[in-house]
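S.K.: Got a predicted model here, sequence first, then my questions.
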Amino acid sequence: MLSIKNLHASVEGTPILRGINLEVKAGEVHAIMGPNGSGKSTLASVLAGREEYEVTEGEVIFKGKELLEMAPEDRAREGVFLAFQYPVEIPGVSSTNFLRTALNQVREYRGQEPLDAVKFLSLMKEKMALVEIDQKLLSRSLNEGFSGGEKKRNEIFQMAMLEPTLSILDETDSGLDIDALRIVSNGVNKLKSDQTATIVVTHYQRLLDYIVPDYVHVLYKGRIVKSGTKELALELEEKGYDWIKEEVDSATV
Amino acid sequence: MSTLTIQDTIQGLLAAAPDNFSSSRLKGKENLEAQGLPALKAEEYKFTPITKKLESSILSFSPALPITVTPEMVQSAIFEGFQGDVLVFSNGKYLPELSSKIEGVEVDFISAKENTALGSIAKPEKDAFAALNLASFQDGIFISVPKKSQIEKPILLLSFCQANEGQVIQPRVWIESGDFAEATFMDMTVSLGEQSYFVNKVVEIKGGINSQINYYRIQNEGKNAIEVSNIETDILKDARFTSVNLSLSGDMVRNNLSLNLLGSNSEGNMYGIYMLNGKTHVDNHTNVDHTIPHAESNELYKGILADQSRGVFNGKIFVRQDAQKTNAFQQNNNILLSEDAIVNTKPQLEIWADDVKCSHGCTVGQLDEEALFYLQARGIDKVSAKGLLLYAFAGEVLEKIEDESFRDYAIGLIQERLGSKF
């Protein structure tokens, strides 16, 4: 589904990603871990199309198409979904209006009929139950005045509405209490299928108890320096990142 | 080329003035002569070189004659959903034959009402253009809403403007309401032709005790239209006045809006949007004068500026020494969409009382890139995403419009602009 080859990216001239290679197949869950500043969030942002990152080398093929050639909205319409680390508050834009615009633009791109108000509301109700989000929140402006947990839950709710094939969760677990973490993970797990894939970017192993990865990759200095199964995450939890850093740093000296 | 200055050519306007209202006109003339038109760096017109603009664009300083207006033109200018009465003007001249007969409201030419205290609200000593209008207006309209009457249907003042060689149009409106009266006025102009013209408009509104008056205005004029307006109102005890002003196009536009809070528990509201592109220049100078205790004023203006457009906002709040327990709030926010767009914003508070609540704030920024990316990342194209954000920005002002059909019309105009240009 997703094939990243030798991806280099920099921001304001500073290289952040220095040759990422990653293959993700349908039905898989990949966790990307790593110390602060290793490039985890940059990778997520580059895949979603954030403008301030400049791709200097490499390619990304998503479902047979050149992902990096596409505008952010087209990536979303093709089925890429980024759950933001810091969801943006947008005063004056109602959650419902926003989602309906988004969903209908995505549907149009996919050759589907737009949903009328009744169908849209019933779909919303169904997906709201999935992430246990309150109707009251959605009658407010988008993310405005939401707590951290509510924002993250709203991300997963949007993901449920847009039905992406590749979901990238950028530190969705950071700042969540255990109940919110359980609800969010539950939502993600229910949306998984053998047709979809998930990339979980996280700093903590805790999330991976709930969203169980098939593969765990460690990102350090803009490269994937170690890959393994979920046991690798446990090892990192126990030993920290220093041993990996030492391994990598001594090898490159 | 003539070597006459604009100050000389104005003599033409003065000479063409009718010989009614002689003492008011004389007062206007004296004040005009004492002040002259604003010089290039005049403090009140610092960012809006209106005199220079007039010198280069207005070829003939004579009154523009009325043009032919047909019922079809009136019909097609009225926006969808409008349910109210219409008063039609041609180059400032009231056309009763095309206008509605409004039940319960007295409407007449100003010339038929010689006792009207013209210039007592929009005082000629305050602004040279107000003085010019007072000295030399041709005719205008007198509207009186009697005591205790609730005029439920809005009254639309619909002006058609056209000049064939850049002449001057000087509309003059007098609105008075009795105590406890309620009415909503809408003010719109249809520009015909591409020729420059200069509209120098004065609207005086005298609200009665406990009256409620709304004045909604859309400035969506030809790209060569130059306009100065002085709208001023006296607000008495327990009365409320609300102005909503939406500026969309024109060449150079200067709006002087002044609210005089003269009775306790009175309320004055000033809301506005200026959404500009091309080289349009719009200057909103507002002034609220708190003269007595326990009055309230609210002000919110929002600017969206693209291309090489320029916006000016100057909000003066004057709280006199006696005006204790005043509540005065003012805000002006701007979004610049291009590197060449300019905005000058200046809150100006003069507070002489010591027990008041006043706040003001102004911002100038760009569209929030992070919010834009967030919307795009959900599949919304860039044009629509910008539209959503800008519409949300403007929405806070639009929701102040109480009349539903007018609000929908204003929303439609803004969305049309957002969909095409921004």
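M.R.: Good, I have the coordinates.

S.K.: A:Ile20 reaches A:Ser3, doesn't it?
M.R.: No. Using Cβ atoms under 8 Å, A:Ile20 and A:Ser3 do not qualify as a contacting pair, with a distance of 11.1 Å. C-beta: built from backbone N, CA, C; applies to glycine.

S.K.: which of these two has more neighbours?
M.R.: With other Cβ atoms under 10 Å in any protein chain shown as the criterion, A:Ile20 and A:Ser3 differ in neighbour count, and A:Ile20 comes out ahead with 23 against 16.

S.K.: Identify the nearest residue to the more buried one in space, disregarding sequence-adjacent positions?
M.R.: With Cβ to Cβ, 6 or more residues apart in numbering or on different chains as the measure, A:Leu7 is the residue that lies nearest to A:Ile20, at 4.2 Å, once sequence neighbours are left out.

S.K.: Same question for B:Lys123.
M.R.: Nearest-residue entry for B:Lys123: B:Ala130, 7.0 Å, with adjacent residues in sequence omitted and distances by Cβ to Cβ, 6+ apart.

S.K.: And the one you found, its phi and psi?
M.R.: phi -60, psi -40 (degrees, to the nearest 10).

S.K.: again, but for the one 3 residues further on
M.R.: Per-residue torsions, B:Asn133: phi -60, psi -50 (degrees, to the nearest 10).

S.K.: so it makes contact with B:Ile231?
M.R.: No. With contact defined as Cβ under 8 Å, B:Asn133 does not reach B:Ile231; the gap is 11.8 Å.

S.K.: what touches both of those two?
M.R.: B:Lys201, B:Val202 (Cβ atoms under 8 Å, 6 or more residues apart in numbering or on different chains).

S.K.: Between those two, tell me which one has more neighbours.
M.R.: When B:Asn133 and B:Ile231 are compared on other Cβ under 10 Å, the one with more neighbours turns out to be B:Asn133, at 29 against 23.

S.K.: tell me the contacts of that one?
M.R.: B:Gly28, B:Gln170, B:Arg172, B:Asn200, B:Lys201, B:Val202, B:Asn230.

S.K.: Would you mind measuring from it to B:Cys358?
M.R.: Between B:Asn133 and B:Cys358 the distance, using Cβ to Cβ, to the nearest Å, works out to 32 Å.

S.K.: Now do the contacts for B:Asp381.
M.R.: A:Ala71, A:Glu73, A:Gln105.

S.K.: residue ranges of the helices in chain A, please?
M.R.: Taking DSSP state H as the criterion, chain A contains helices spanning A:40-48, A:72-78, A:95-109, A:117-131, A:135-138, A:148-162, A:178-191, A:230-239, A:242-252.

S.K.: Over to the stretch 151-300 of chain B?
M.R.: In the stretch 151-300 of chain B, no helices are found when defined by DSSP state H, counting those that start in this stretch.

S.K.: any weak-confidence spans in the chain?
M.R.: You didn't say which chain, so I picked chain A. Low-confidence regions of chain A, defined by pLDDT under 70, span residues A:252-253.

S.K.: Can you look at chain B instead?
M.R.: B:1-5, B:420-422.

S.K.: Correct me if wrong: B:Gln167 contacts B:Ser196.
M.R.: No. B:Gln167 is not in contact with B:Ser196 according to Cβ under 8 Å; the separation is 9.2 Å.

S.K.: residues shared between the contacts of those two?
M.R.: Overlap of the contact sets of B:Gln167 and B:Ser196 (by Cβ under 8 Å, 6+ apart) consists of B:Ile58, B:Leu59.

S.K.: Between which two of the contacts of B:Asn133 is the distance greatest?
M.R.: B:Gly28 and B:Lys201 (14.4 Å; Cβ to Cβ).

S.K.: what about those two, which has more around it?
M.R.: B:Gly28 (27 against 24).

S.K.: Pretty sure that one sits against B:Gly119.
M.R.: Yes. B:Gly28 is within contact range of B:Gly119, at 6.5 Å (criterion: Cβ under 8 Å).

S.K.: Name the residues contacting each of those two.
M.R.: Residues within reach of B:Gly28 and of B:Gly119 at once, by Cβ under 8 Å, 6+ apart, are B:Ala130, B:Leu134.

S.K.: residues touching residue 16, list them.
M.R.: All of this is about chain A. Residues in contact with A:Ile16, defined by Cβ under 8 Å, 6+ apart, are A:Ala9, A:Ser10, A:Gly39, A:Thr42, A:Tyr53, A:Gly222.

S.K.: ah, no, chain B please
M.R.: Contacts of B:Ala16 (Cβ under 8 Å, 6+ apart): B:Ser62, B:Pro63, B:Ser136, B:Gln138.

S.K.: so what's the closest residue to A:Val80 other than its chain neighbours bridging to?
M.R.: Counting by Cβ to Cβ, 6+ apart, the nearest residue to A:Val80 once its immediate chain neighbours are dropped is A:Leu166, at 5.1 Å. Beta-bridge partners of A:Leu166, counted by DSSP bridges, are A:Val80, A:Ala197.

S.K.: To what extent is A:Leu166 buried, counted in neighbours?
M.R.: Other residues near A:Leu166 come to 22 when the count uses other Cβ under 10 Å.

S.K.: Next to chain B, which bits of the stretch 151-253 of chain A? Give me the list.
M.R.: Applying Cβ under 8 Å from any Cβ of the partner chain, we find that the stretch 151-253 of chain A lies next to chain B at A:Gln158, A:Leu162.
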